[in-house]
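A.B. asks: The sequence and its predicted three-dimensional model are supplied below.
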Amino acid sequence: MNTGEKDWDKKGWKDVPIAGLITEPGTARRYKTGEWRTHRPVWDPEKCINCLLCWIYCPDSAIQVKDGKVVGIDLEHCKGCGICAHECPSKVRAINMVLESEAEAEDGEKVKEETMREGEEGEKERKEERKGEGGNEK
Amino acid sequence: MAGSLEQETVKFVAMTGNEAVAEAMRQINPDVVAAYPITPQTEIVQIFSTFVADGLVKTEFVTVESEHSAMSATIGAAAAGARAMTATSSQGFALMWEMLYIAAGLRLPIVMPVVNRALSSPINIHCDHSDTMGARDSGWIQIFSENAQEAYDNLIQAVRIAESRDVLLPAMVCMDGFIVSHGMESVKLLMDEEVRGFIGEYEPAYSLLDVDHPITVGALDFADWYFEHKRQEAAAEAPVAEVVLKVGEEYGKLTGRSYGLFEAYRLDDAEVAVVALGSTAGTAKAVVDELRQKGVRAGLLKIRLYRPFPKDAIVRALSGVKAIAVLDRSDTFSTMGGPVFIDIKASMYDLMHGEHGEHGEHDAHGAQDAREARDMQGPRIVNYIYGLGGRDIDLEQIRKVYERLQAIVATGETGEPVSYLGVRE
Amino acid sequence: MGDVLEIRWHGRGGQGAKTAALLLGEAASAAGKHIQAFPEYGPERMGAPVLAFNRISDEPIMVHCHVSSPRIIVVLDPTLIRTGSVTAGAPEDAVYVVNTHLSPSEMRKKLGVSAGKVFTVDATQISLDCLGRAIPNTPMIGALIRATGLMKLEDFISDTRRKLEKKFGSKPGIVEGNIKAIERAYQEVKGE
């Protein structure tokens, strides 16, 4: 948040909405809290019983659910807090936390690609949003 | 305008300033009023609340537990798209302080009558301008009224000024506590439909309740954005003067009472002039008339729009005057004199150094003018702080001020720049 | 600015000096005059000396300072005379209208004025008779109007009746009592 060199690319005072308003909803989506992660939840669809406790407890809405079933984890926004792994029933243990560095090393490019594809807000959609009248990038 | 001819036949009614302001509020018929009573503003809230109780307005009246809450609720209502008003004085105004800046920063066109009263300590309920002068840098538009008629007229115009899409800033309409608020005077009122037609239907620039256009109001603004937003707020002050003039002229067509940024009273050929605001300006006019009868070229500049300060127009109006006394009904306690004095002096600096001009062109000719202007001394300017805590300022005191100005012109000696008028030594 | 008639009211908290100034101001306004009516705002305590003022003019009134040399002085309570405040600042030809059972010449001695005019009326007795309470303000306006001719009594009464009916609509006795008191004082005031 420090005003570094990069901020000079942002909009000037004549082009921002008045009163510090954010004039479009859901801009928090653009804020990639996934970058904060030191531990990554790894979800095993084979073990998962779809009790959805992880979905209920996740503070970042990062558990992706479709038709009442867990389909993946939004790693762009998951902060790696581990609440999902903690809440996953001990007899199930379908979510386990692994060191982010190890996960990245193991999965390499594959994980990154999957993340991009699985995330509900793909890059394409985000690009469209940016084209629209920009609010503040928060 | 249809009203112009009818206005001449409209009768004066006897009203106190507070009654006139409450009547203006009834005619404005705001969506929300959140207010807390404080002397000498109390009657405004009290009378308006009877209008609410009697069903004469559609206003949602919020009885709050403090002025901080009054301004907070007014801000909330305005952010929700309501035409929202409140009113206060003195300590109550001071208690609103942090919210004043929020109203301005959120660009909410709240209109607030402020009945000027001294600030404690020592405790005092009478008039001076310390309360609103302290908030002169809060981003609010500040309009001062000489009498009950002006308080009424200014309040109606303030709605248009604040809500102008070129402006979108909150506006306070100031009137002197007791002297105007409780003094009964002759006032001409507009018809309800004239006021309604003049202010128009309110269309908020943004609204929290507009679910089709969802917005976030009051988001955290760090170093990477705050400055841009405040720069934008500063830019919003620039068109205010023009809007004030336009609205004042239009109001004149409706009522026969036109309003400008200030009133120049017999100032055109004046050699000595007083700058004042509020009720004192009226008393000073009487002295100007007296002096003119004796052949003294005396004049008066009564500031109406104090914030934003219409510097260029004021400098133009005062540029031909040889000696000026600025009357301040508050002190900055800075050893610099009163706030109006400081503003006038700062404005005159440009005149004396040739940097004043409508276009600011600096061609060869302009540079020559500037050099000549630099050799000019410009008007001599002195300051009188007067009337604190309701101390009466009478004709005799103002006569002495003009006498001193004449002496300054005659001798070229300015003497002490800041004096206290009407205080026991 | 034109000629401005300045009036100073002397009373005690509770006697209605401020209300008298306001009623007179409103009535004069209704009769087409420019007016001011205001009290001297001090601690408002029952019995404490209070002042109220009127300015009445055919032209708009600009000044907003106190009235310091009133041409007309109305005294609601004669005990205020001993304080010396009643004659303070008054011009030699000032008109005094005093609530007292004394005659004008007796009152002139008490006031210590040789020129000008002195009018007296027992407004306290009138208000006791008409209202059952010692609130001498409205009868004193009746006396003032007779003494100075500053407006027509009918104009004042019709405007005041309207005001009182608005305020005391449920108590017609108060309205009629006040009107009767005003008329009686108008008849009974004597001057020299």
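C.D. replies: That came in fine, so what should we check first?

A.B. asks: What does residue A:91 show for phi and psi?
C.D. replies: Backbone geometry at residue A:91, expressed as degrees, to the nearest 10, gives phi -80, psi -20.

A.B. asks: neighbours around it, how many?
C.D. replies: A count of neighbours around residue A:91, defined by other C-beta atoms under 10 Å in any protein chain shown, yields 7. For every residue, glycine as well, the C-beta is placed using N, CA and C.

A.B. asks: Can you classify residue C:47 as helix, strand or coil?
C.D. replies: Secondary structure, DSSP: H, G, I helix; E, B strand; the rest coil: residue C:47 is coil.

A.B. asks: Who's the closest spatial neighbour of it, skipping the chain neighbours?
C.D. replies: Spatial nearest neighbour of residue C:47, excluding adjacent residues (C-beta to C-beta, 6 or more residues apart in numbering or on different chains): residue C:12 at 5.2 Å.

A.B. asks: Same question for residue C:136.
C.D. replies: Spatial nearest neighbour of residue C:136, chain neighbours left out: residue C:123 (3.7 Å); criterion: C-beta to C-beta, 6+ apart.

A.B. asks: returning to that earlier point: enumerate the beta-bridge partners assigned to the residue nearest to residue C:47.
C.D. replies: Beta-bridge pairing of residue C:12 under DSSP bridges involves residue C:49.

A.B. asks: what residues are up against it?
C.D. replies: For residue C:12, the contacting residues are C:46, C:47, C:48, C:49, C:50, C:76, C:77, C:80, by C-beta atoms under 8 Å, 6 or more residues apart in numbering or on different chains.

A.B. asks: Go through those residues and name the one nearest residue B:172.
C.D. replies: Nearest to residue B:172 among these: residue C:50, at 31.8 Å, using C-beta to C-beta.

A.B. asks: number of nearby residues for that closest one?
C.D. replies: 25.

A.B. asks: how close does it sit to residue C:71?
C.D. replies: As judged by C-beta to C-beta, to the nearest Å, residue C:50 and residue C:71 stand 20 Å apart.

A.B. asks: for residue B:42, same thing?
C.D. replies: Distance of residue B:42 to residue C:71, computed by C-beta to C-beta: 33 Å.

A.B. asks: circling back: could you redo the contacts of residue C:12 as CSV and give each row pLDDT?
C.D. replies: CSV is the format used below for these (pLDDT from 0 to 100):
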residue, pLDDT
C:46, 85
C:47, 87
C:48, 90
C:49, 91
C:50, 92
C:76, 96
C:77, 94
C:80, 94
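
A.B. asks: From these, list the buried ones, please.
C.D. replies: Of the members of these, the ones counted as buried by neighbours, 16 or more other C-beta atoms under 10 Å in any protein chain shown, are C:49, C:50, C:76, C:77, C:80.

A.B. asks: Tell me the secondary structure at the closest residue to chain A within chain C.
C.D. replies: Nearest to chain A, among the residues of chain C, is residue C:64, at 38.7 Å (C-beta to the nearest C-beta). Following three-state DSSP, the label given to residue C:64 is coil.

A.B. asks: pretty sure it is touching residue B:147, no?
C.D. replies: Yes. Counting by C-beta atoms under 8 Å, residue B:147 is a contact partner of residue C:64 at 7.2 Å.

A.B. asks: and for these two, which residues touch both?
C.D. replies: B:180, B:279, B:282.

A.B. asks: Next step: the residues you listed restricted to helices.
C.D. replies: residue B:282 (DSSP state H).

A.B. asks: With neighbour count and distance to residue B:116 as extra columns, can I get the shared contacts of residue C:64 and residue B:147 in a markdown table?
C.D. replies: Below are these laid out as a markdown table (neighbours: other C-beta atoms under 10 Å in any protein chain shown; distance: C-beta to C-beta, whole Å):
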| residue | neighbour count | distance to residue B:116 |
| --- | --- | --- |
| B:180 | 31 | 9 |
| B:279 | 31 | 9 |
| B:282 | 24 | 15 |
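
A.B. asks: Of the shared contacts of residue C:64 and residue B:147, which are in range of chain C?
C.D. replies: Among the shared contacts of residue C:64 and residue B:147, proximity to chain C is found for B:180, B:279, B:282 (C-beta under 8 Å from any C-beta of the partner chain).

A.B. asks: and which of those is nearest to residue C:116?
C.D. replies: In terms of C-beta to C-beta, no member of these lies closer to residue C:116 than residue B:282, at 28.9 Å.

A.B. asks: measure the closest residue in space to residue B:85 that isn't next to it in sequence to residue B:202 for me?
C.D. replies: Spatially, and ignoring its direct neighbours in sequence, residue B:85 is nearest to residue B:30 (4.6 Å; C-beta to C-beta, 6+ apart). Distance, residue B:30 to residue B:202, by C-beta to C-beta: 9 Å.

A.B. asks: Give me the common contacts of the two.
C.D. replies: residue B:83.

A.B. asks: okay but residue C:21 is in contact with residue C:52, surely?
C.D. replies: Yes. Taking contacts as C-beta under 8 Å, residue C:21 lies within contact range of residue C:52: 3.8 Å.

A.B. asks: Now for those two: what residues contact both?
C.D. replies: Contact criterion C-beta under 8 Å, 6+ apart; residues shared by residue C:21 and residue C:52: C:9, C:37, C:38, C:39.

A.B. asks: when you check those residues against the strands, which ones overlap?
C.D. replies: When DSSP state E is applied, these are split such that C:9, C:37, C:38, C:39 fall in strands.

A.B. asks: top of those residues by neighbour count?
C.D. replies: Of all these, the most densely surrounded is residue C:9 (32 neighbours; neighbours counted as other C-beta under 10 Å).

A.B. asks: For the helix or strand bottoming out on mean pLDDT in chain C, list the C-alpha coordinates in PDB.
C.D. replies: Lowest mean confidence among the helices and strands of chain C (mean pLDDT, DSSP states H and E): helix C:153-167, at a mean of 92. Extracted in PDB, the C-alpha atoms of helix C:153-167 (Å, rounded to 0.1, in the frame of the first residue of the first chain):
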ATOM      1  CA  LEU C 153     -55.600  50.900  18.100                       C
ATOM      2  CA  GLU C 154     -58.000  48.900  15.900                       C
ATOM      3  CA  ASP C 155     -55.000  47.600  13.800                       C
ATOM      4  CA  PHE C 156     -53.200  46.600  16.900                       C
ATOM      5  CA  ILE C 157     -56.200  44.900  18.500                       C
ATOM      6  CA  SER C 158     -57.100  42.900  15.400                       C
ATOM      7  CA  ASP C 159     -53.600  41.700  14.900                       C
ATOM      8  CA  THR C 160     -53.100  40.900  18.600                       C
ATOM      9  CA  ARG C 161     -56.500  39.100  18.800                       C
ATOM     10  CA  ARG C 162     -55.400  36.900  16.000                       C
ATOM     11  CA  LYS C 163     -52.100  36.100  17.700                       C
ATOM     12  CA  LEU C 164     -53.700  35.500  21.100                       C
ATOM     13  CA  GLU C 165     -56.400  33.300  19.600                       C
ATOM     14  CA  LYS C 166     -53.700  31.100  18.000                       C
ATOM     15  CA  LYS C 167     -51.900  30.800  21.300                       C
END
